[in-house]
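>>> using only what follows, build the 3D model:
(chains A and B, ligands or ions: 1)
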Amino acid sequence: MRRRLTWQAARLHEVRDETATARSLVFDVPGWPGHVAGQHVDVRLTAEDGYTTQRSYSLAAPADGDRIELTVEAVPDGEVSPYLTEVIEPGDQIEIRGPVGGWFVWRPENEAPVMLVGGGSGVVPLMAMIRARRQAGSRVPFRLLYSLRDQDRRYYAAELRRPEPGLDITYVYTRAAPPGAARPAGRITLADLAEGGWPADFAPDCYVCGSTGFVEAAADLLLTLGHAPERIRTERFGPTGD
Amino acid sequence: MGIVSRGFSGRRREGGDRLPPGQYLVEDFPVLSAGPTPRVPLDRWEFAIDTEAEQTHRWSWQEFMALPMQTPTVDIHCVTKWTKLGTSWEGVSLDVFFEDVETTAEYALVYSYGGYTTNLPLEDLLDGKAWIVHRFDGEELAPQHGGPARLIVPHLYFWKSAKWVRGIRLLNEDWPGFWETAGYHNYGDPWREQRYEGD
Ligand SMILES: Cc1cc2nc3c(=O)[nH]c(=O)nc-3n(C[C@H](O)[C@H](O)[C@H](O)COP(=O)(O)OP(=O)(O)OC[C@H]3O[C@@H](n4cnc5c(N)ncnc54)[C@H](O)[C@@H]3O)c2cc1C
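The predicted model follows:
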């Protein structure tokens, strides 16, 4: 029997802007039990009058003691994400329950090559896997295919720009490609996944995360390329988006 | 009451007494699944009930279509927190499928095309509580929502409502399914907020 998941107080320690609409939030959660890359937490917000609401957010990095990190994209007209990206300040408290999820996870013991496919904020749990790989000193080859509207939407830009042996990154811009880019802007295609991914006979573990539409499209393309359905793990964040 | 988050007031799209604890209302229809969407051709589709005595009852798509249809309108609650009120479906009550099934089993393991499984007590499938449906909102059920046919068991969290349903295995002992072995609650009653193991 595992530990029961209870609500824990989480105090905001610091924030880092990722883009004009997304930021990373580092919380102190005393007694945090640790987690596996790819897992998420439930966040609960309570108003003065007792009204509460919950949402799920992926853990963006391995835990640093009692410290955990999330990255949240402001969804226009959203109830929770604008609070987390615009209102909450260091010192403020929310409640967190987790870690949750035992399927969309990568462990450093896994030896298969890894194909990460992320759209928009769907890159968050994939970044946790990249960071866990680095922290463990793993040599498992990783490829990341990151679909985003334009360069200004890029999360973790400085960190991903630093070369990292065994990690290849392909950016797919859906609205505006940077000047000089060989690939015109547009949604993810079979060619993107064929070139930026692993051949199916390498039997990579594929992790696909993003909006429902993005995940549906990317997972179907992976199937078309011959990847086995049981090697394609998906996490769907919400209805629309990149 | 939990810890108040400074500066949070909320949107309060409340559903009154139809909204279970910790849920919020949506108008659209989000999707939760662990892998790619399987595509099942109708000429190869079948639905089966396998009893604990190893008897199998099977229905082809044509046989399924010939059964008496119902059009339940129900509220659905996903463990990822969204609730959708008044969804309308068309399909066949599990009571119809079970008419000629002899069993004393107490547990059911539902299995799907694509390999998904979920478990629940057999009684939660009977007495008008569950359907195999093939239409949603007056249209054919889209593959991403479980088409050609899915189970719906609206009184439990929606992961119990297996998409791309292929059959039900009846068991004398409880056998945890896919999410149930990945940290989610074994029963999943939204009104008792049974999201995760131990809730
Ligand atoms: C397992 C899991 C992990 C998640 N991890 C992250 C994460 O790491 N970072 C992150 O930013 N989000 C993540 N999400 C999405 C997050 O839980 C919320 O759905 C999102 O922040 C919107 O919540 P909200 O309260 O601001 O908007 P709501 O008030 O719920 O919705 C407002 C409007 O926006 C639409 N909407 C809802 N979600 C989205 C979306 N994702 N994109 C576009 N439109 C949307 C709704 O349909 C509605 O019309 C995750 C979701 C799941 C299920």
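>>> helix or strand with the lowest mean pLDDT in chain B?
Among the secondary structure pieces of chain B, namely its helices and strands, strand B:24-25 has the lowest mean (mean pLDDT, DSSP states H and E), a mean of 90.
>>> which outside residues touch it?
Residues lying outside strand B:24-25 but in contact with it, judged by CB atoms under 8 Å, 6 or more residues apart in numbering or on different chains, are A:53, A:54, A:79, B:13, B:14, B:15, B:19, B:81, B:82, B:83, B:84, B:85. For the C-beta atoms, the positions are set from N, CA and C on the backbone; glycine is no exception.
>>> which helix or strand contains the third one?
This means residue A:79. For residue A:79, there is no host helix or strand (DSSP states H and E).
>>> how many residues are close by it?
Around residue A:79 sit 17 other residues, with neighbours defined as other CB atoms under 10 Å in any protein chain shown.
>>> so it is in contact with residue B:26, correct?
No - no contact is recorded between residue A:79 and residue B:26 when judged using CB atoms under 8 Å, the distance being 11.1 Å.
>>> give me the residue from chain A nearest the ligand.
With distances taken as CB to the nearest ligand atom, chain A approaches the ligand most closely at residue A:78, which sits 2.1 Å away.
>>> before we move on, what about chain B?
Proximity to the ligand, evaluated over chain B using CB to the nearest ligand atom, is greatest for residue B:80 at 4.2 Å.
>>> quick check: longest strand in the chain by residues?
Here I'm looking at chain A. Looking only at chain A and at elements set by DSSP state E, the strand with the highest residue count is strand A:8-17.
>>> switch to chain B, that's the one I care about
Using DSSP E to define each element, chain B has its longest strand at strand B:82-93.
>>> and the helices in chain A?
With DSSP state H as the definition, chain A shows helices at residue ranges A:81-82, A:123-136, A:157-161, A:190-196, A:212-224.
>>> the longest one near the ligand anywhere?
Translated: helix A:123-136. Yes - when contact is scored as CB under 6 Å from any ligand atom, part of helix A:123-136 falls within range of the ligand: residue A:124.
>>> and that helix, how far out from the chain middle?
From the chain centre to the centre of helix A:123-136 is a distance of 9 Å (CA atoms, centre = their mean, to the nearest Å).
>>> the shortest one now?
Distance, stretch centre to chain centre, for helix A:81-82: 17 Å (CA atoms, centre = their mean).
>>> that helix vs chain B: in contact?
No - contact between helix A:81-82 and chain B, assessed by CB under 8 Å from any CB of the partner chain, is absent, since the two come no nearer than 9.9 Å.
>>> what packs against that helix?
When contacts are defined as 3 or more CB pairs under 8 Å, 6 or more residues apart in numbering or on different chains; DSSP states H and E, helix A:81-82 packs onto no helix or strand at all.
>>> that one close to the ligand?
Yes - between helix A:81-82 and the ligand, judged by CB under 6 Å from any ligand atom, the touching residues are residue A:81.
>>> name the residues that touch that helix?
Contacts of helix A:81-82 (CB under 8 Å, 6+ apart): A:55, A:72, A:73, A:74, A:75.
>>> where exactly do the strands run in chain A?
Listed from the start of the chain, chain A has strands (DSSP E) covering A:8-17, A:22-28, A:40-46, A:52-58, A:67-73, A:93-100, A:114-119, A:142-148, A:167-173, A:205-210, A:232-236.
>>> would CSV of these with mean neighbour count be doable?
Compiled in CSV, these are given as follows (neighbours: other CB atoms under 10 Å in any protein chain shown):
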stretch, mean neighbour count
strand A:8-17, 16
strand A:22-28, 20
strand A:40-46, 23
strand A:52-58, 22
strand A:67-73, 23
strand A:93-100, 22
strand A:114-119, 27
strand A:142-148, 23
strand A:167-173, 18
strand A:205-210, 26
strand A:232-236, 23
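>>> so the longest strand of chain B versus strand A:52-58, what angle?
80 degrees (axes from the mean of the first three to the mean of the last three CA atoms, to 10 degrees).
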